[in-house]
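1. Build me a model:
(chains A, B, C, D, E and F)
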Number of protein chains: 4
Amino acid sequence: MTDGDNDQIMTAVGQALRSHGYADLTMQDIAEECDMSTAALHYHYDTKADLLAAFLEGLLDDYEQRLAGRGDRPPVEQLTAFIAWFVFGPDDEDRIAFHLALLEMRSQGPHDERIRSQLVRSDRLLRDTVADILEAGVAAGDFTPVDIEQTAALVVATLDGARTRQITLGGDSVPEGYTRVVAEALLDRLVDPLLAPGVDRPSFETVLADAPEWAR
Amino acid sequence: MTDGDNDQIMTAVGQALRSHGYADLTMQDIAEECDMSTAALHYHYDTKADLLAAFLEGLLDDYEQRLAGRGDRPPVEQLTAFIAWFVFGPDDEDRIAFHLALLEMRSQGPHDERIRSQLVRSDRLLRDTVADILEAGVAAGDFTPVDIEQTAALVVATLDGARTRQITLGGDSVPEGYTRVVAEALLDRLVDPLLAPGVDRPSFETVLADAPEWAR
Amino acid sequence: MTDGDNDQIMTAVGQALRSHGYADLTMQDIAEECDMSTAALHYHYDTKADLLAAFLEGLLDDYEQRLAGRGDRPPVEQLTAFIAWFVFGPDDEDRIAFHLALLEMRSQGPHDERIRSQLVRSDRLLRDTVADILEAGVAAGDFTPVDIEQTAALVVATLDGARTRQITLGGDSVPEGYTRVVAEALLDRLVDPLLAPGVDRPSFETVLADAPEWAR
Amino acid sequence: MTDGDNDQIMTAVGQALRSHGYADLTMQDIAEECDMSTAALHYHYDTKADLLAAFLEGLLDDYEQRLAGRGDRPPVEQLTAFIAWFVFGPDDEDRIAFHLALLEMRSQGPHDERIRSQLVRSDRLLRDTVADILEAGVAAGDFTPVDIEQTAALVVATLDGARTRQITLGGDSVPEGYTRVVAEALLDRLVDPLLAPGVDRPSFETVLADAPEWAR
DNA sequence: AATGAATGAGTTTTCATTCAT
DNA sequence: CATGAATGAAAACTCATTCAT
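-> A predicted model of the protein is given here:
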């Protein structure tokens, strides 16, 4: 199978997941999305579980690539950009679809070890990213010392929670967007108190405006 | 149908959801859990979707009632208890199973309006609860003034995110438990800076130990 | 059970049959039509088959009563009126419903001896009615001699066929109405050649206009 | 699906319909008749209704083809053969079962548009067949002029009515068979008076004996 | 006399998976 | 490589019937 063929299948899984939801997803749904027979899908992937595990793997690989390459800007900027990265609007359908698919896969983690181990890997990567930024900031004297692991966990959990709520609740509950409100709160309440005297944090708007290349 | 009979069915749905997960839940699973025939279930609820919607509704009603009777203890205590309420250990299998099932239902929100509207209601309730505590605290002079809505959203998102990660990742990634680490971080980084001079926050251990009646 | 109660049930069977058709008719359909529980229906009639057999019996009793009492008008008039009696328009919903119900029951005859014997009784009655008229007409010299049984069978089959086709095909195929066209053909081709010289047949319009009391 | 495979399914539907009747027909019945799983049936036809509609359509297509090849024998013979074609004995179980099933389907016409439209098509076809014969006969000078449409409707209704009564009443009421008696009556009373002087009608027995190839 | 609740047996339909071609 | 066809197992749902009250 060429890479292009595989991409096509993976795209189809994402589309089908988006349209039907995990619980109602059938091989037929996926097959229709990429103009293939279900038998062809089974030729490439032995079971539905295999196919979905591969899909999740691809999903997280993408995610990771986007996290990488933060460049060498000051830690405050990096942290602010990291937080801003989670913000999306109620009309950012691609993003919603992506994370909804991810959420549906995530909820299957406890039932499928292959899925769970990918999730653990991705969690470790996310927290390490934040931890690295924090560590660099403390080392540079830009941040006052903190419990790095604890803070990283806090940041990641908070942003994940905001995203999950925005995706599952839709735009009704927090019209400005759950992620936006929570990201701002994080900056005000967590990041600002962390800054050493004389260190300035770029405004949220600035960071959102000139989104660095890695913040898709 | 008497209330007792209905309770029995709802309990069975909960149990079955815990054992099988949302995506794999069958009417038969539920029927077995309450020693009934599937036909009997269909006698009371026309469709599986109806039954699950009723279950979710009942769940949130319970939730609501538990959140309601917070009593008249000082706001600091209430806030600390609220945060502590989310903490559970990696071995609290029942809670994990329950919230996993709930997470699976949540990921169906975008596909099922009945589910989504219940989720929105529950979100509103949670944030209102925190907002009320904050408001009371500010009014009493125990908390320094803050943006109440913003802070409530932050707290709820953070705790939800921690819970979701703990459930989906298992004990591997944060052995003490994601919820525990994040709850402590929240208290240290968010609640403490909020306290007016002279106001003391009960220690986390204290609150966890004598969990008030409303913190199941 | 009072007669009124039973009438109510029978009406409900007719209504339900009309709405759902025999193949899709359920006890629940009937129960809903008369605001009763299915258990109540089973209290009065042991089985669904019993209930339907009773329904058919009532149906045919009605039918018979309408056939009776032809009075003592001349045989030509009686025969013409008998034929005209079968004519109904594409908008005569009551009549269509009645005969549709009857047709659906009739198609079950071969599967249920109770039904079949009622149908045989009704057939005998219909043919005897025609035969009596023919016999009287021949005796009176109004009709030329014919094979009475054969002619009666022909008349009954023809009118039944026209009615069945009109009911099952709807108004599309023969806009004036199958029964109307065929009844007219019967009069032109069968009755007229039967008349002795000097005997006049009332026009079809006349008979249709002043429908005698027994031709509902 | 090859034509042969489809034929096999259609034959199975016919057989199952004969054995069980329309109201009691299940997919399982059909599946057993052709040594297939019900799932295989559903692979070819999405729903039971689709399958039955296809069956009815195929039935009428066959019918059409059989009616088509009437050859170029004289109109009198054609008309006589057409009428004779409807005759069957009280012991012709296969035909009884088949037409009973068809009658059950017909009584579903008012509830199922797909069925009804096929019935209308079949009605049109039958009447056109008779009308064509009559027209040819009149043109050839074998028949005296008549209202062609009216006469065709009369013939079709009569034969249909006789068949319906014979099927639903069984052999009790008209031991020689309703269709036989009525067909003879039709010939005596309708066809014979139609013949131009010098034109002879083949005897009923003759036609019944050497049934032409198109009279199944 | 009537009902709400329940059920067992069955119905259509779905779906991941297999396999000959 | 890919497909059309097929299947077994299970799914949701239906329905006539029963029974305690």
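2. so how far is chain D from the residue of chain A found nearest chain B?
-> Chain A approaches chain B most closely through residue A:161 (2.5 Å), counting by C-beta to the nearest C-beta. Bear in mind the C-beta positions are built from the backbone N, C-alpha and C, glycine included. Distance, residue A:161 to chain D, by C-beta to the nearest C-beta, to the nearest Å: 43 Å.
3. Run through the neighbouring helices and strands of the helix or strand where that residue lies.
-> Assessed by DSSP states H and E, residue A:161 sits inside helix A:148-169. With contacts defined as 3 or more C-beta pairs under 8 Å, 6 or more residues apart in numbering or on different chains; DSSP states H and E, helix A:148-169 has these neighbours: helix A:75-85, helix A:93-106, helix A:113-140, helix A:178-186, helix B:113-139, helix B:148-169, helix B:178-186.
4. lowest-confidence stretch among the ones you listed?
-> Of all the helices and strands packed on helix A:148-169, mean pLDDT reaches its minimum on helix A:93-106 (a mean of 88).
5. Tell me if that one is near chain B.
-> Yes: counting by C-beta under 8 Å from any C-beta of the partner chain, chain B has neighbours in helix A:93-106: A:96, A:100, A:103, A:104, A:106.
6. So which residues on chain A come close to DNA strand F?
-> For chain A, the contact set with DNA strand F under C-beta under 7 Å from any atom of the strand comprises A:1, A:5, A:35, A:36, A:37, A:38, A:39, A:40, A:42, A:43, A:44.
7. dump the residue contacts of residue A:87.
-> Residues near residue A:87 by C-beta atoms under 8 Å, 6 or more residues apart in numbering or on different chains: A:177, A:179, A:180, A:183, A:208.
8. 6 Å instead, please
-> A:179, A:180, A:183 (C-beta atoms under 6 Å, 6 or more residues apart in numbering or on different chains).
9. cool, residue A:148 as well?
-> A:131, A:134, A:135.
10. near DNA strand E, which residues of chain A show up?
-> A:24, A:25, A:26, A:27, A:28, A:38, A:39, A:42, A:46, A:47, A:48, A:49.
11. Which two of those residues have the greatest separation?
-> Spatially, the most separated pair among these is A:24 and A:46, at 22.0 Å (C-beta to C-beta).
12. Among the two, which residue is more densely surrounded?
-> residue A:24 (14 against 9; other C-beta atoms under 10 Å in any protein chain shown).
13. Just the element for the more buried one, please.
-> Under the assignment given by DSSP H and E, residue A:24 is not contained in any helix or strand.
14. Spatially nearest residue to it, not counting backbone neighbours?
-> Residue nearest to residue A:24 in three dimensions, not counting chain neighbours: residue B:111, with 7.3 Å by C-beta to C-beta, 6 or more residues apart in numbering or on different chains.
15. so the residue of chain A closest to chain B sits right up against residue B:163, yeah?
-> No: contact between residue A:161 and residue B:163 fails when scored by C-beta atoms under 6 Å: they sit 8.1 Å apart.
16. Single out the residue in chain A that lies closest to chain C.
-> Nearest residue of chain A to chain C: residue A:24, at 28.3 Å (C-beta to the nearest C-beta).
17. Next, give phi and psi for that residue.
-> phi -110, psi 10 (degrees, to the nearest 10).
18. Quick check: phi and psi on the most centrally placed residue in chain A?
-> Residue closest to the average C-alpha location in chain A (C-alpha atoms, centre = their mean): residue A:63, at 6.2 Å. With angles defined as degrees, to the nearest 10, residue A:63 sits at phi -60, psi -50.
19. what's the closest of the contacts of residue A:148 to residue C:203?
-> residue A:131 (104.4 Å).
20. ok, the residue nearest to the closest one when sequence neighbours are not counted to residue B:28 distance?
-> Sequence neighbours aside, residue A:152 is the residue nearest to residue A:131 in space, at 4.4 Å (criterion: C-beta to C-beta, 6+ apart). Distance from residue A:152 to residue B:28, counting by C-beta to C-beta, to the nearest Å: 44 Å.
21. higher neighbour count, these two?
-> For the pair residue A:152 and residue B:28, the greater number of neighbours falls to residue A:152 (23 against 13), based on other C-beta under 10 Å.
22. wait, isn't that one in contact with residue A:128?
-> No: counting by C-beta under 6 Å, residue A:152 sits too far from residue A:128 to count as a contact (7.7 Å).
23. What strand or helix carries the residue nearest to residue A:195 when sequence neighbours are not counted?
-> Setting aside the residues directly before and after it, residue A:195 is nearest to residue A:201 in space (C-beta to C-beta, 6+ apart), at 6.2 Å. Counting by DSSP H and E, no helix or strand carries residue A:201.
24. Any idea how many residues pack against residue A:201?
-> 19.
25. Check residue A:138 too.
-> 17.
26. cool, and residue A:127?
-> If we define neighbours as other C-beta under 10 Å, then residue A:127 has 22 of them.
27. For the residues of helix A:93-106 next to chain B, give me TSV that also has distance to chain C.
-> Shown next, in TSV, are those (distance: C-beta to the nearest C-beta, whole Å):
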residue	distance to chain C
A:96	43
A:100	40
A:103	41
A:104	38
A:106	43
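28. Check the gap between residue A:90 and residue D:31 for me.
-> Counting by C-beta to C-beta - residue A:90 and residue D:31 are separated by 50 Å.
29. Residue A:207 contacts residue A:80, correct?
-> Yes: counting by C-beta under 6 Å, residue A:207 touches residue A:80, with 5.0 Å between them.
30. what mean pLDDT would you report for the helix or strand residue A:56 falls within?
-> Assigned by DSSP H and E, residue A:56 falls within helix A:48-67. The pLDDT scores in helix A:48-67 average 89.
31. quick one: it near chain B?
-> No: interface with chain B: helix A:48-67 contributes nothing (C-beta under 6 Å from any C-beta of the partner chain), its closest point being 11.1 Å away.
32. how about the residues of chain A that lie near chain B?
-> So chain A meets chain B at A:21-23, A:100, A:103-104, A:106-107, A:109-111, A:119-120, A:123, A:150, A:153-154, A:157-158, A:160-162, A:164-165, A:168-169, A:172-173, A:181-182, A:185, A:189-190 (C-beta under 6 Å from any C-beta).
33. Out of those, which end up buried?
-> A:21-23, A:100, A:103-104, A:106-107, A:109-110, A:119-120, A:123, A:150, A:153-154, A:157-158, A:160-162, A:164-165, A:168-169, A:173, A:181-182, A:185, A:189-190 (16 or more other C-beta atoms under 10 Å in any protein chain shown).
34. Contacts only, for residue A:174.
-> residue A:181.
35. ok, now the one 3 residues further on?
-> With contacts taken as C-beta under 6 Å, 6+ apart, residue A:177 has the following neighbours: A:89, A:90, A:166.
36. what's the distance between the closest residue to the last one other than its chain neighbours and residue B:134?
-> Counting by C-beta to C-beta, 6+ apart, residue A:178 is the residue found nearest to residue A:166 once chain neighbours are left out, at 3.8 Å. Counting by C-beta to C-beta, the gap from residue A:178 to residue B:134 is 18 Å.
37. And the two? Which one has more around it.
-> More neighbours surround residue A:178 than the other of residue A:178 and residue B:134, with 27 against 24 (other C-beta under 10 Å).
38. Tell me which residues touch the more buried one, please.
-> Neighbours of residue A:178 in contact, by C-beta under 6 Å, 6+ apart: A:162, A:165, A:166.
39. May I see the residues you listed organised as TSV, with distance to residue C:141 added?
-> Formatted as TSV, these follow (distance: C-beta to C-beta, whole Å):
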residue	distance to residue C:141
A:162	103
A:165	98
A:166	97
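40. Let me know the closest of those to residue B:14.
-> residue A:165 (22.6 Å).
41. check contacts around the closest one.
-> A:178, B:157.
42. what's the spacing between the residue of chain A closest to chain B and residue A:133?
-> Residue A:161 is 20 Å from residue A:133, by C-beta to C-beta.
43. next one: residue A:55
-> Residue A:55 is 30 Å from residue A:133, by C-beta to C-beta.
44. Next: residue A:20.
-> Counting by C-beta to C-beta, the gap from residue A:20 to residue A:133 is 38 Å.
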